[in-house]
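S.K.: Return a 3D structure for these sequence lines:
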Amino acid sequence: MSFEIPVGRVAVVGDPFGNPLVLVDLLKGRYEVGSDGSVTGVA
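M.R.: Presented below is the predicted three-dimensional model:
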């Protein structure tokens, strides 16, 4: 499964043991976060 996010793409695949592996492509930038860890924008 893969999908778009504001900063790029995310892909979720499974390893041979059934564990999910999440890959994040940050090609379009990075998330900006506030002091409390909440997302405030995209840089």
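S.K.: Tell me which other helices or strands the helix or strand hosting Glu4 touches.
M.R.: Element membership of Glu4 [criterion: DSSP states H and E] is strand 2-5. Secondary-structure packing of strand 2-5 (3 or more C-beta pairs under 8 Å, 6 or more residues apart in numbering; DSSP states H and E): strand 8-14. All C-beta atoms are positioned from the backbone trio N, CA, C, and that covers glycine.
S.K.: Just the C-alpha atoms of the strand it packs on, please, in CSV.
M.R.: Coordinates of the C-alpha atoms in strand 8-14 are reproduced here as CSV (Å, rounded to 0.1, in the frame of the first residue of the first chain):
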residue,chain,number,x,y,z
GLY,A,8,6.0,13.1,-0.1
ARG,A,9,4.9,9.5,-0.2
VAL,A,10,4.4,6.7,2.3
ALA,A,11,4.7,3.0,1.5
VAL,A,12,3.7,0.2,3.9
VAL,A,13,5.0,-3.3,3.2
GLY,A,14,5.4,-6.5,5.2
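S.K.: Could I get the average pLDDT for the strand holding Glu4?
M.R.: Mean pLDDT, computed over strand 2-5, is 96.
S.K.: Any idea what Val13 is bridged to?
M.R.: Note on Val13: beta-bridge partners by DSSP bridges are Leu21.
S.K.: My guess is it contacts Leu21. True?
M.R.: Yes: with contact defined as C-beta atoms under 8 Å, Val13 counts as touching Leu21 (5.2 Å).
S.K.: Next one, pLDDT for Ala43 please.
M.R.: 89.
S.K.: dump the residue contacts of the residue most central in space within the chain.
M.R.: Compute the mean C-alpha point of the chain, and by C-alpha atoms, centre = their mean the closest residue is Val24, 4.3 Å away. By C-beta atoms under 8 Å, 6 or more residues apart in numbering, the residues touching Val24 are 5, 8-10.
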